[in-house]
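**Student:** Okay, here's the prediction I keep looking at, along with the sequence it came from:
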Amino acid sequence: MTSADEKSPIVIDAPDDSFIQMIIKTGGPNVQNCYQCGTCSGSCPAGARTNYLVRGIIRKALLGLKEQCISAPELWFCTTCYTCTDRCPQDVKPTDVIKAIRNIAVAEGYMLVPHQKTALKVLEAGHAVPLDKESWEVLREKVGVERVPPNASRYPEAIEEIRKIAKKTGFDKLVEEKEEKKEE
Amino acid sequence: MPKQSFYHFLGCIIPHRYPSIEAAAKLVFKDLGVELLDMEGATCCPAPGVFGSFDRVTWATIAARNLTIAEAGGHPITTGCNGCFASLWDTNHELKHDDELRAAVNENLAEIGREFKGTIEVWHYVDALYSLVGLEKIREKATRPLKGVRMAIHPGCHWMRPKQVKKKDDSEHPHIFKEICEASGAEYVPYKDELICCGAGGAVRTADVKTALDFTKQKFDSLLEAGGADVVVTPCPFCELQLDMGQVEIQKFFDAEYHFDILHVMELLALAFGHEPEEFGLTTHLQYMQRKNQPNWKRLGIEARA
Ligand code: SF4
Ligand code: SF4
């Protein structure tokens, strides 16, 4: 354990509110309603087993500590169960705030490799969990449905449309860049 | 009443990993006189916790593309996955209420010659069964009630939460999913952690499967403390994967071994409606494939299969 004198306290003269404005714009409009009661963390099944503290992340966000929020690995332990959202007395919608912070993290290059791979699968196959082995087709046959379902697994033009969307939104770049970084 | 028709949104996990749910859903809806239409060229919903966490506008655009397929045909959508339901229902809702997002999404969709119009509704199977078909009709069709089968339920999260937006059920004291499951004739067994998340969502399973499984383990332990159950029923294939295959994974990661049979609510109803397990391939659940075993037929009250 670090003792109190070894820690450097955060000095906040004028909190930088640009991060809060980003969160509000990215899907967490009620973030400033938070009065730090802790109902969210007290209800959180992710916090019960990891160092993820939803109230703490919201507090840091309110203080403008962007880097600390977006670089925290525990940001990715939220299962988006929405229990906190249903219980928050201030209608902060903490789940949406966390998702907004994740969006900002990803835009700034904080994306875990397994997540990037899953995203790539959607661009490659139209599905995050694709029909990528013959054995899955055999499984389908066994239960009495057609070998290839009538989704993007059967219609390559659907995958083409997803790629066009990703290109338009710049999502393809977000996913690719990470791969290049890895290869360096 | 004219015959109800839905576009059947399959998503990824049902058609690609747990096709027995797809087969069971087809049997059940047919028995209930509801028509399911193929949704040609539908893609990943896309996964709300994953894509929604990466880039909200891309997530909403891909989901909206799926919605436009149903809009073109003029029928509502139904899906048997909490995650798919979350992406499609939430996007439909948000685009109907948020002009800025709608403009951004439609600008993206224009690139592929599509437009979100907001003309259809999205229903979870549970929702469609409860509100449009009705419990009475389901009970009527349950010609092989699963009498004496001790049934625990795992409702999962995204069908009913966030409750103020979804307005489907009271997420602290939900009753709808339970009542549908009880229509099978099985006996409901409560347990303390019934309402906690299975652990798979929010991109957690993808990033750290052990942490995800720790949630699942807590649920199983809570269920055992309550005296155990013959079957655990869920309305979601991702929860089903986590609870079913998760048992095999838990054995690897933790020093613990569980043997629960996990059913999607469509598989439960197919059995209660008198269908045989081989009609929809119940034994193809990944738990059984990997453990090379079979459901506990005796506990399910079904005669042993060869
Ligand atoms: S429950 Fe709501 S108000 Fe309370 S700490 Fe969490 S986000 Fe803030
Ligand atoms: S949505 Fe996330 S932060 Fe909220 S209770 Fe669930 S796991 Fe915790």
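**Tutor:** Yes, it's here. Residues are numbered from 1 along each chain as shown, chains lettered A, B, ... in the order given. Ligands and ions are numbered 1, 2, ... in the order given.
**Student:** any idea how far residue B:237 is from the most centrally placed residue in chain A?
**Tutor:** Taking Cα atoms, centre = their mean, the centroid of chain A lies closest to residue A:102, which sits 4.2 Å from it. As defined by Cβ to Cβ, to the nearest Å, residue A:102 lies at a distance of 24 Å from residue B:237. Yep, even glycine has a C-beta here, placed from its N, CA and C like the rest.
**Student:** how near is whichever residue of the stretch 51-200 of chain B sits closest to ligand 1 to ligand 2?
**Tutor:** When scored by Cβ to the nearest ligand atom, the stretch 51-200 of chain B has residue B:162 as its residue closest to ligand 1, at 12.8 Å. Taking Cβ to the nearest ligand atom, to the nearest Å as the measure, residue B:162 falls 9 Å from ligand 2.
**Student:** Quick one: residues contacting that residue.
**Tutor:** Taking Cβ atoms under 8 Å, 6 or more residues apart in numbering or on different chains, we find residue B:162 in contact with A:82, A:85-86, A:93, A:95, B:171.
**Student:** Likewise for residue B:111?
**Tutor:** By Cβ under 8 Å, 6+ apart, the contact set of residue B:111 is A:164-165, A:168.
**Student:** you'd agree residue B:165 is up against residue B:96?
**Tutor:** No. Counting by Cβ atoms under 8 Å, residue B:165 does not reach residue B:96; the two are 12.0 Å apart.
**Student:** Do I have it right that residue A:12 meets residue A:63?
**Tutor:** Yes. The criterion here is Cβ under 8 Å, and residue A:12 meets it with residue A:63 at 5.8 Å.
**Student:** more crowded one of these two?
**Tutor:** Comparing residue A:12 with residue A:63 by other Cβ atoms under 10 Å in any protein chain shown, the one with more neighbours is residue A:63, at 17 against 10.
**Student:** Just give the closest residue to the more buried one, not the sequence neighbours.
**Tutor:** Excluding the flanking residues, the one nearest residue A:63 by Cβ to Cβ, 6 or more residues apart in numbering or on different chains is residue A:15, at 5.4 Å.
**Student:** Could you do residue A:54 as well?
**Tutor:** residue A:40 (4.7 Å).
**Student:** ok, now residue A:19?
**Tutor:** Nearest residue to residue A:19, sequence neighbours excluded (Cβ to Cβ, 6+ apart): residue A:66, at 4.0 Å.
**Student:** Is the helix or strand where residue B:205 lies in proximity to chain A?
**Tutor:** Residue B:205 is part of helix B:204-207, with elements assigned from DSSP states H and E. Yes. Under the criterion of Cβ under 8 Å from any Cβ of the partner chain, chain A is reached by helix B:204-207 at B:204, B:206-207.
**Student:** Same question for that helix: list its buried residues.
**Tutor:** B:204-207 (16 or more other Cβ atoms under 10 Å in any protein chain shown).
**Student:** okay, these in JSON lines with pLDDT and distance to ligand 1 next?
**Tutor:** Converted to JSON lines, the buried residues of helix B:204-207 look like this (pLDDT from 0 to 100; distance: Cβ to the nearest ligand atom, whole Å):
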{"residue": "B:204", "pLDDT": "95", "distance to ligand 1": "20"}
{"residue": "B:205", "pLDDT": "96", "distance to ligand 1": "25"}
{"residue": "B:206", "pLDDT": "94", "distance to ligand 1": "25"}
{"residue": "B:207", "pLDDT": "92", "distance to ligand 1": "23"}
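**Student:** Residue B:30 belongs to a helix, doesn't it?
**Tutor:** Yes. Judged by DSSP: H, G, I helix; E, B strand; the rest coil, residue B:30 forms part of a helix.
**Student:** Now do the same for the residue nearest to residue A:172 when sequence neighbours are not counted: helix, strand or coil?
**Tutor:** Spatial nearest neighbour of residue A:172, excluding adjacent residues (Cβ to Cβ, 6+ apart): residue A:166 at 4.2 Å. Three-state call for residue A:166 (three-state DSSP): helix.
**Student:** Thanks a lot, catch you later.
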